[in-house]
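J.: Just to be clear, the model below is a prediction. Sequence and coordinates:
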Amino acid sequence: MRYIAGTTEFQIEEPTIVTLGKFDGRHRGHQKLLGTMKELKKSTGYATAIFTFSIAPAALMTGEPQTVITTNLERRNNMEKTGIDYLVEYPFSQDMRHMGPDEFVRKILVGYMAARVIVVGPDCSFGYKGAGDARLLRELSGELGYELYVIEKEKDDLRDISSTYIREELDAGNVEKANELLGEPYAIHGTVVHGNHIGGRILGFPTANIIPPPIKRLPKFGVYVSRVLVDGVSYCGVTNIGRKPTIQGENPVGVETYLFGLDESLYGKNIEVQLLKFCRGEKKFASLEELKEAIARDKAFAQEYFRK
């Protein structure tokens, strides 16, 4: 996959099948769009390309930070696994913010992106104040020489599957429902760092700690059954997400995982933690001994989950 980021000056030199959007979470609705693109690639021979922004436009326009289900790095890795040929993360500059929808289609999609086919959902929006939509794309298709495919949204019962819906489920700790909507496990990627060594030295449970970036949307703080990928190998685990209120001192929000059957040091390794089931909420225990007993129960809960 060719990854284009940090520049407003680029040119794709081959005809493409293009879609556009935030692609936060690569949920089942996104996968439906991407699947359509892959089928069209088989019939046309065109490369597949995604246009997105390096930062959510709403975050810059409102000045309010917005968390994301997948960070830019995670999105990049996801799209590479999907087999997309081009991923463009365009800077959201003032020029882009004020670009009219007609100019956006002509200059960006048909020009820089070399679109010969455009695939969107019915609620797509682009251009100044989001004024561009599927209707405009249809109107311009004949003049600009591209085919347009508008793909109906994927639904969960009567509700559209969306990143907003998934965030709601994560906030409630409903990772099983979030995973159903995503079509894959919600995951946190990161490099293992040194923690406070309470796990191995005092509690007898050696753990792997990662500190996700502030922009990462984390689920409800608590303990989860997890699956952890290390160097391409999958391990069963138990993961705590939160601030470790029982441990004295200032504890940053972290993701701490005990991996069943792995005793080697993971410091400096990049791992992927997939959350599978909520076990319990975050709690401040009266003593480390109580915490140790709770962790033992968490491990037993996870072991029972994996035995099913």
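T.: In hand now; what should we look at? Numbering: from 1, shown residues only.

J.: which stretches of the stretch 151-300 of the chain form strands?
T.: 155-156, 159-160, 187-191, 208-210, 222-230, 233-242, 254-259, 270-281 (DSSP state E, counting those that start in this stretch).

J.: Adding mean pLDDT, write those out as a markdown table.
T.: Output for these, formatted as a markdown table (pLDDT from 0 to 100):
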| stretch | mean pLDDT |
| --- | --- |
| strand 155-156 | 95 |
| strand 159-160 | 95 |
| strand 187-191 | 96 |
| strand 208-210 | 94 |
| strand 222-230 | 97 |
| strand 233-242 | 95 |
| strand 254-259 | 93 |
| strand 270-281 | 97 |
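
J.: Could I get the pLDDT score of the residue nearest the centre of the chain?
T.: Closest to where the C-alpha atoms of the chain average out (Cα atoms, centre = their mean) is residue 70, at 2.1 Å. pLDDT for residue 70: 95.

J.: avg pLDDT for stretch 40-54?
T.: Averaged across stretch 40-54, pLDDT comes to 96.

J.: Only alpha carbons, please: show that stretch as PDB.
T.: Taking C-alpha atoms only, stretch 40-54 is exported to PDB below (Å, rounded to 0.1, in the frame of the first residue of the first chain):
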ATOM      1  CA  LEU A  40     -14.900  -3.300  -8.700                       C
ATOM      2  CA  LYS A  41     -11.100  -3.600  -8.900                       C
ATOM      3  CA  LYS A  42     -11.600  -7.200 -10.200                       C
ATOM      4  CA  SER A  43     -13.800  -6.000 -13.000                       C
ATOM      5  CA  THR A  44     -12.000  -2.700 -13.900                       C
ATOM      6  CA  GLY A  45      -8.400  -3.300 -13.000                       C
ATOM      7  CA  TYR A  46      -8.300   0.100 -11.300                       C
ATOM      8  CA  ALA A  47      -6.400   0.700  -8.000                       C
ATOM      9  CA  THR A  48      -8.300   1.300  -4.800                       C
ATOM     10  CA  ALA A  49      -7.800   4.500  -2.900                       C
ATOM     11  CA  ILE A  50      -9.100   6.100   0.300                       C
ATOM     12  CA  PHE A  51      -9.100   9.800   0.900                       C
ATOM     13  CA  THR A  52      -9.300  10.900   4.600                       C
ATOM     14  CA  PHE A  53      -8.000  13.700   6.800                       C
ATOM     15  CA  SER A  54      -5.000  13.500   9.100                       C
END
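
J.: what about residue 109, neighbour count?
T.: 24 (other Cβ atoms under 10 Å). (Glycine included, C-beta is placed from N, CA and C.)

J.: wait, doesn't it sit right on residue 116?
T.: No. Between residue 109 and residue 116 there is no contact under Cβ atoms under 8 Å: 10.3 Å.

J.: Need the residues touching each of the two.
T.: By Cβ atoms under 8 Å, 6 or more residues apart in numbering, residue 109 and residue 116 have these common neighbours: residue 146.

J.: any weak-confidence spans in the stretch 1-150 of the chain?
T.: Low-confidence segments of the stretch 1-150 of the chain (pLDDT under 70): 56-65.

J.: coming back round to it: any idea how far residue 25 is from the residue nearest to the centre of the chain?
T.: Counting by Cβ to Cβ, to the nearest Å, the separation of residue 70 from residue 25 is 6 Å.

J.: mind checking the longest helix of the protein?
T.: Using DSSP state H to define each element, the chain has its longest helix at helix 288-307.

J.: quick one: that one to strand 270-281, angle?
T.: Between the axes of helix 288-307 and strand 270-281, defined by axes from the mean of the first three to the mean of the last three Cα atoms, to 10 degrees, the angle is 110 degrees.

J.: Summarise which helices and strands helix 288-307 is packed against.
T.: strand 222-230, strand 233-242, strand 270-281 (3 or more Cβ pairs under 8 Å, 6 or more residues apart in numbering; DSSP states H and E).

J.: Of those, give the one that comes closest to residue 130.
T.: strand 270-281 (32.5 Å; Cβ to Cβ).

J.: I figured residue 126 hits residue 101, correct?
T.: Yes. Counting by Cβ under 8 Å, residue 126 does reach residue 101; the two are 5.8 Å apart.

J.: and the protein, what are its domains?
T.: Domain assignment for the chain by automatic domain parsing gives 2-160, 187-307.

J.: TSV for those domains, including distance to residue 179?
T.: TSV is the format used below for these (distance: least, Cβ to Cβ, whole Å):
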stretch	distance to residue 179
domain 2-160	10
domain 187-307	7
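
J.: Return the residues in contact with residue 69.
T.: 24, 25, 163, 166, 167, 170, 186, 217.

J.: Spatially nearest residue to it (excluding sequence neighbours)?
T.: residue 25 (3.8 Å; Cβ to Cβ, 6 or more residues apart in numbering).

J.: cool, and residue 138?
T.: Leaving aside its chain neighbours, residue 138 sits nearest to residue 148 (5.7 Å; criterion: Cβ to Cβ, 6+ apart).
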